[in-house]
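1. Please find the sequence and the predicted model below.
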Amino acid sequence: TLTGHTLVVFALALGPDGNLFSGSEDGTVRVWCGNEGIHLRTLQCDAAGVFSLAVGLDGSLFVGGCSGAVHVWRAMGRGSRHIVAQNVSGASVTLCLSATGTLYTGREVIGYADEEPSEGGVYIL
């Protein structure tokens, strides 16, 4: 058992190097040595919570957050660079990365009791 997140873990992904990534409602992604279960680092991502993860063939990490932001960490080793690639209306509840590097994100349907809900959808980033 890998421990460390303070709230529910919603997402898991494996990197090409065998590292495991776990994303949590606590707003963090933890990076683990997949073979040994050793915690390597913690990434502060989305204060509203992490719903989805995808890892590129080059090891780049894509994180979908409850706030609608899609965070990207390029080159997960030393000197990694963090950017916020896109904000969509509604939580980025799922991510899918194609073999050609196209990133797709699905968002939740948003609505309140006194409003018409907005459409959920798939976005190409």
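-> Perfect, thanks for sending it. None of the values given here were measured: they were computed from a predicted structure.

2. List the buried residues for the strand or helix carrying Ala11?
-> Using DSSP states H and E, Ala11 sits within strand 9-14. Buried residues in strand 9-14, counted by 16 or more other CB atoms under 10 Å: Phe10, Ala11, Ala13. Every residue, glycine included, has its C-beta placed from N, CA and C.

3. what sits against Gly65?
-> Going by CB atoms under 8 Å, 6 or more residues apart in numbering, Gly65 touches Gly27, Cys45, Asp46, Ala48, Gly49, Val50, Phe51, His71, Ala91, Ser92.

4. what's the neighbour count on the fifth one?
-> Spelled out, that is Gly49. 21 (other CB atoms under 10 Å).

5. Does it touch Ala11 like I think?
-> No. Using CB atoms under 8 Å, Gly49 makes no contact with Ala11, being 10.0 Å away.

6. Contact partners for His5?
-> Contacts for His5 (CB under 8 Å, 6+ apart) come out as Ser22, Ser24, Asp26, Thr28, Arg30.

7. which SS class is it?
-> coil (DSSP: H, G, I helix; E, B strand; the rest coil).

8. Now go through the contacts of His5 and say which are in helices.
-> The members of these all map outside helices under DSSP state H.

9. And those residues, which of them are buried?
-> Ser22, Ser24, Asp26, Thr28, Arg30.

10. any idea how far the closest residue to the second one other than its chain neighbours lies from Gly101?
-> Same thing as Ser24. Spatial nearest neighbour of Ser24, chain neighbours left out: His5 (4.0 Å); criterion: CB to CB, 6 or more residues apart in numbering. From His5 across to Gly101, the span is 29 Å (CB to CB, to the nearest Å).
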